[in-house]
Every structure is written in C-alpha cells, then in structure tokens.
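Sequence and computational prediction follow.
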Amino acid sequence: MQQLTRQFIDNRWVESAGKRRLPVTDPYRQETIAELTAGDAADVDAAVAAARRALPAWQSLSGERRGAYLAAFADALEARRDALIHLSSRNNGKALAEAGIDLDDAIACYRYYAGQAAELEARQGRIVEHGLDGIRAQTYEDPVGVAGLITPWNFPLVTSAWKIAPALAAGCTVVLKPSEVTPLPEQAVAEIAEAIDLPAGVLNLVHGDGEGIGAPLTAHPGVDKLSFTGSNMVGEKVMHAAAKGVRNVSLELGGKSPILVLDDAEIEQAADWVMAGIYFNSGQVCSATSRLIVHAALADGLYDALAQRMDAIRLGDPLADDTDMGPMTSARQREAVERYLAVAREEGLVAVRDGRHRQLPERGEFVAPTLYRDVPVESRLWQEEIFGPVLCGRSVTSDQEAIELANASPFGLAATVVASDLERARRVGRHLRAGSIWYNSEQVVMPEASWGGFGISGIGRELGPWGLAEYLQVKHLIGPEGGQSA
Ligand code: NAD
C-alpha cells in the first residue's frame with residue numbers, strides 16, 4: 001500500500017506537517033489502496049514560499065523554454081501511459097477506455113500550452129494601433145503570480161492539466177491541491193515534474209482535504225490567483241476567500257445541462273448521443289447532459305431505444321476489458337446519488353429504468369443507470385446536479401419551448417442539440433445559455449476551444465487562449481515614439 005505522507009515542495013518530498021491519516025480507496029474492490037497524510041496550514045506556508053521564490057526566474061524564462069517543459073510533461077505522461085491508466089482506473093473506478101480518454105485529453109492540453117507559451121513570447125511588446133500622433137503604445141502580458149490550483153475527484157489528470165499547463169505557460173508558479181479522494185493520478189504529475197527537472201518551486205503539490213489544505217491555501221496572502229474546480233458550495237467559499245486582498249479567481253462549478261432532441265432527429269442516432277452525454281464516467285461529469293428535452297412525437301421511440309442501450313451497459317470491474325461502466329468513485333458519492341433515487345420514489349417519478357430493473361455487481365459502489373420520464377420541473381431531480389448516472393426526461397412540442405425549458409436553469413455549463421437539419425441545430429444552439437454547445441455530437445472537448453460556464457456554473461474560462469488569459473494581466477507601455485522597442 002502506498003503511503004502518501006509527503007508533500008512535493010521545492011522539488012523535494014517533505015514530510016507533511018499534518019497528523020491526520022485518510023484512506024484512499026479502490027471503489028470497485030472497496031479496499032484501501034493508499035493512505036494519505038492530510039496536510040495543514042504549515043504545508044501550505046512552505047509550498048507558497050517555494051512558489052514565490054521560484055516566480056522571478058520562471059517568469060523571466062523565455063516562452064520557448066517554459067513551453068519545452070510543458071512538452072516534456074506531455075511526453076512523460078505518454079511514456080507512463082499504461083501505468084497511469086491503471087492508476088486512475090483503480091483510484092476513480094473508471095473503465096479502462098475512459099481512463100485512456102482522460103490521459104489523451106491531458107496530454108493534448110500540455111502540448112497545446114507548450115505552443116501557447118511560445119506564442120505569448122512572440123506577441124510581447126506588440127504595437128497598438130491608435131489615433132494619437134507621436135505616441136507609441138505597446139502591449140505586454142505578465143503572469144498573475146503564484147496560483148493556487150484546487151481540483152475535484154472526477155477527472156484528476158484532466159482538471160489538473162487544464163490549470164497547470166496554462167499557468168506555467170503564462171509564467172505563474174503553482175501550488176496544486178488535488179482532491180483527497182483521488183490523490184494518486186496527480187501525485188504522478190508531481191513525480192513527472194521531478195523527473196523532467198522542472199525548476200524547484202515552480203510546481204508544488206500539497207495533499208490534504210478542504211479544511212486542512214483547501215481553506216488555508218485560498219486564504220493565503222502569498223497566493224495571487226485561485227483557480228478552483230468543484231462544487232458550487234465550496235466555489236462560493238473560495239470566491240469569498242479571494243475577496244480578501246482582492247485576488248484573482250476562476251471557478252469551474254457544477255452543471256445541469258440539457259440535451260434537446262428536435263422532431264426531425266433520427267431516433268437511433270439521438271439515443272447514442274443521449275447515452276454518451278450522461279453515462280460516461282458513471283455520470284460523474286460536470287457537463288453531463290442530465291436533462292433530456294425531447295419532442296413529444298419522438299418521446300416513446302427514444303425512451304425505448306434508450307432502455308435497450310441501458311440494459312446493454314456492462315457494469316463491472318473497471319480493469320476488465322469488457323466493462324462499460326465502473327462504480328461511483330466513492331461510497332460517499334454512491335450514497336449521495338441514492339438519496340436522489342429515494343426522493344424520486346417519494347415523488348412518484350416514472351422510471352423507464354432504475355436499480356429495480358437490474359442486478360448490480362456483487363461488490364463496488366455501483367448505481368444502476370437510471371432514467372425517469374415526464375419529470376415535473378419542480379422535482380429536485382430536474383433542478384439539482386445529481387452527479388451520477390441519472391437522466392431525467394421531459395417532452396415539448398416546439399423548438400421554442402425546448403429552448404425556454406433548456407435555459408430555465410441557473411446553471412449554464414453545456415448543452416447538446418440533436419437534429420437532422422444541421423442549420424436548425426445550429427440556430428437552436430445559438431439561443432442556448434451555456435459555455436459549450438454541441439450539436440449532433442457529445443462532450444467533444446479540445447484544448448483550442450474554451451471551457452466554462454454561464455450563470456452559477458462558474459466564472460472565467462479554461463482552455464484555448466482564454467485559459468491562458470486567466471493567468472495573465474495585461475499592461476501597456478505608452479510614451480513618445482522614437483528609440484528601440486522595449
Ligand atoms: P468539492 O467542491 O467537494 O471539492 C473540490 C475540491 O475542493 C477538493 O479538492 C476539496 O478537497 C476542496 N475543498 C473542499 N472544501 C474546501 C474549502 N473550504 N476551501 C478550499 N478547497 C476546498 O467537489 P467534488 O465533490 O470534488 O467534485 C464534484 C463537483 O465538481 C461537482 O459539482 C462538479 O460539477 C464539479 N466539477 C466541475 C467541473 C467544471 O469544469 N465546471 C469539472 C469537474 C467537476
């Protein structure tokens with residue numbers, strides 16, 4: 001069993017100042033696979049001090065040099081491919097194929113920001129066109145400073161890559177706090193930082209829970225920027241903490257995203273996209289399209305097609321090649337989802353499929369793929385993020401009604417439109433209030449396009465040039481023309 005008793009600070013593995021031990025589990029075998037020493041404020045102090053010391057040299061390094069380190073991260077992830085897939089499968093309960101997709105996403109992200117670091121360098125000192133005679137104005141983009149990065153447990157390699165890569169490309173140094181539920185994949189990222197000789201203090205990792213590490217990190221005056229991915233409840237606390245000292249904050253929070261099936265959609269195709277949008281990663285996806293809005297004319301046929309597909313999902317050991325869906329990542333998350341299933345029973349929701357329709361594997365934190373139809377909008381299951389394999393459906397009779405129902409949510413992370421007429425799908429998509437809108441596709445994420453939410457789904461954007469901008473501050477140098485550029 002691995003003992004995670006040390007923190008990665010200043011490129012050294014140092015004993016945590018904390019005393020509390022937390023078990024890290026395999027949610028299929030329901031056994032402890034590692035033990036983590038939950039750090040405390042003293043660990044945060046040491047990590048922030050290391051990041052501050054490293055900042056001047058790191059931000060002075062050329063963009064090409066910083067980019068070369070990010071490319072080395074990508075190469076090292078690739079080189080450890082099988083081990084990392086196995087590790088995230090065990091710690092998260094992800095089916096192997098899903099763990100492989102995560103790894104590919106992370107690699108693509110590090111590679112993309114390797115290029116962005118070089119491009120940033122190339123545009124420093126750009127001349128601004130303006131209407132004043134004899135005045136030269138130039139634009140520079142400086143790193144925000146030390147960034148505190150906090151990640152959740154559902155996609156550890158991906159959510160950490162989306163923060164580490166742009167932060168380092170921008171010239172920030174970082175203190176990363178992984179989720180205490182899934183610390184193993186991000187522990188491997190710190191091991192890679194050591195292996196590629198990243199300069200000391202540029203990336204520090206502190207293990208622990210929200211109370212021991214998260215809260216002290218967000219409150220630390222030496223942290224200039226906070227980037228948080230997780231629940232709305234904790235996100236609000238992070239934003240509150242960032243107010244002290246007027247510190248920069250980005251939040252990637254929850255979702256309750258809709259999938260709209262218009263009346264010209266092809267049912268079998270639509271069923272495939274609906275499935276991909278909700279049951280991937282056992283439904284533990286912030287952008288899961290968990291509200292199905294289907295034209296009444298297609299509803300019965302679509303529910304039949306979905307029921308067939310749900311029955312064919314093979315639940316089981318995530319490490320087995322023939323498993324489609326693994327368990328929930330923790331007993332806690334299984335219990336949270338089961339509380340919603342109990343509410344559904346109390347509310348008398350109509351189940352197309354739920355736990356009563358199938359035998360679950362003998363062990364593991366499983367929840368059966370579940371689908372309710374004709375769910376009232378007042379239902380908590382229609383309104384709240386469940387974060388499990390639970391889909392709620394409702395029927396509508398026009399595109400306009402579908403758009404209004406889709407937008408009637410305080411969340412706004414993602415949405416999907418399914419239609420045969422692509423023009424119509426795009427038109428409807430333009431009216432949706434969300435950061436990522438897919439049409440006739442599902443959950444396609446690329447490092448070049450932005451990620452982030454409208455409404456209570458967050459503040460700011462990750463990925464693309466926008467993700468880099470979150471770690472930069474713009475300044476202008478303005479004065480008389482003449483002489484050389486700075
Ligand atoms: P969580 O909010 O419970 O925890 C997230 C992280 O915050 C963990 O590392 C946790 O230890 C830490 N934390 C807890 N209390 C803290 C505090 N007081 N101060 C600072 N840090 C603290 O979320 P979770 O259960 O790990 O993840 C699930 C949530 O994450 C869902 O709501 C999901 O929608 C969201 N999420 C969003 C995105 C996105 O891109 N928008 C991506 C993945 C997950």
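Everything's here; your move. Fair warning: this is a prediction, and the values are worked out from it, not measured in the lab.

How about the most centrally placed residue in the chain, nearest residue that isn't a chain neighbour?
Nearest to the mean C-alpha position of the chain, by C-alpha atoms, centre = their mean, lies residue 159 at 4.2 Å. The shortest distance from residue 159 to any non-neighbouring residue, by C-beta to C-beta, 6 or more residues apart in numbering, is to residue 151 (4.4 Å). Where C-beta positions appear, they are placed from N, C-alpha and C, glycine not excepted.

my guess is that neighbour meets residue 181, correct?
No: counting by C-beta atoms under 8 Å, no contact exists between residue 151 and residue 181, whose distance comes to 10.5 Å.

More neighbours: these two, which one.
Ranked by neighbour count (other C-beta atoms under 10 Å), residue 151 and residue 181 place residue 151 first, with 28 against 21.

Can you name the residues that contact that one?
Shown in contact with residue 151 (C-beta atoms under 8 Å, 6 or more residues apart in numbering): 159-160, 163, 176-179, 186, 229-230.

near the ligand, which of those residues show up?
Among the contacts of residue 151, the residues that sit close to the ligand (C-beta under 6 Å from any ligand atom) are 159, 177, 179, 229-230.

ok, and the most crowded of those?
Most surrounded of these: other C-beta under 10 Å gives residue 177, at 30 neighbours.

Could you list the buried residues of the helix or strand hosting residue 34?
Using DSSP states H and E, residue 34 maps to strand 31-37. Neighbour-count burial for strand 31-37, counted by 16 or more other C-beta atoms under 10 Å, picks out 34, 36-37.

what's the domain layout of this protein?
Domain assignment of the chain by automatic domain parsing yields the ranges 2-253+457-478, 258-439.

So which of these is nearest residue 448?
Closest to residue 448 of the domains of the chain, according to C-beta to C-beta: domain 2-253+457-478, at 5.5 Å.

Tell me the pLDDT of residue 485.
For residue 485, the pLDDT comes out at 65.

Equivalent analysis for residue 3, please.
For residue 3, pLDDT reads 86.

tell me the contacts of the spatially closest residue to it that is not a sequence neighbour?
Computed as C-beta to C-beta, 6+ apart, the closest residue to residue 3 that is not its neighbour in sequence is residue 35, at 5.5 Å. Applying C-beta under 8 Å, 6+ apart to residue 35 gives the contacts 1-5, 21-24.

Just the buried ones from those, in ChimeraX syntax?
The ChimeraX selection below is limited to those of those classed as buried (16+ other C-beta under 10 Å):
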select :4,5,22,24
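
Now, the contacts of residue 35 that are in strands?
2-4, 21-24 (DSSP state E).

Closest to residue 305 out of those residues?
If you rank these by distance to residue 305 using C-beta to C-beta, residue 24 comes first, at 39.1 Å.

What residues does the closest one make contact with?
Contact partners of residue 24, counting by C-beta under 8 Å, 6+ apart, are 2, 4, 32-36, 91, 180-184.

Which one of those residues is nearest to the ligand?
For the contacts of residue 24, the closest approach to the ligand (C-beta to the nearest ligand atom) belongs to residue 180, at 5.4 Å.
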